[in-house]
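**Q** Sharing a model that was predicted from the sequence below.
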Amino acid sequence: MSDSVQLITGVSITIVVPALVEIAKQVGLPVRYAGVAAIFMAIMLVMIGGLASGNAFDARKVATWCLAGIVYGLAAAGLYSQTRSR
């Protein structure tokens, strides 16, 4: 995945993840696990995006997807906490 495509994908993931976490909380996810859920959901979305774009499933790609998912999940959790604190 090129850098520009990955950036665009990351922005959309950062916007979608707080909505998914909110849905999970309404279904019954305890609030204390919201941060972990955000990271997990972001990793899953990055992996799905990588596989959908035809990337091979190797250890290097999985590590890259996990790192990107952690960054996007933390960004999404920060975005969520900023909107909740206002």
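**A** Received, thanks.
**Q** For stretch 25-38, buried residues please.
**A** Of the residues in stretch 25-38, 34, 35, 37, 38 count as buried by neighbour count, 16 or more other Cβ atoms under 10 Å. The way it works is simple: take the backbone N, C-alpha and C, and place the C-beta from them, glycine included.
**Q** Please read the previous query as pertaining to stretch 39-58.
**A** Under 16+ other Cβ under 10 Å, the buried positions of stretch 39-58 are 39, 40, 41, 42, 43, 44, 45, 46, 47, 49, 50.
**Q** which residues sit against that stretch?
**A** Stretch 39-58 is contacted from outside by 1, 5, 9, 13-14, 16-17, 20-21, 24, 61-62, 65-66, 68-70, 72-74, 76-77, using Cβ atoms under 8 Å, 6 or more residues apart in numbering.
**Q** Any quick ChimeraX command for the buried ones out of those residues?
**A** In ChimeraX syntax, the buried subset of the contacts of stretch 39-58 is picked out as below (16+ other Cβ under 10 Å):
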select :1,9,13,14,17,20,21,24,65,68,69,70,72,73,76,77
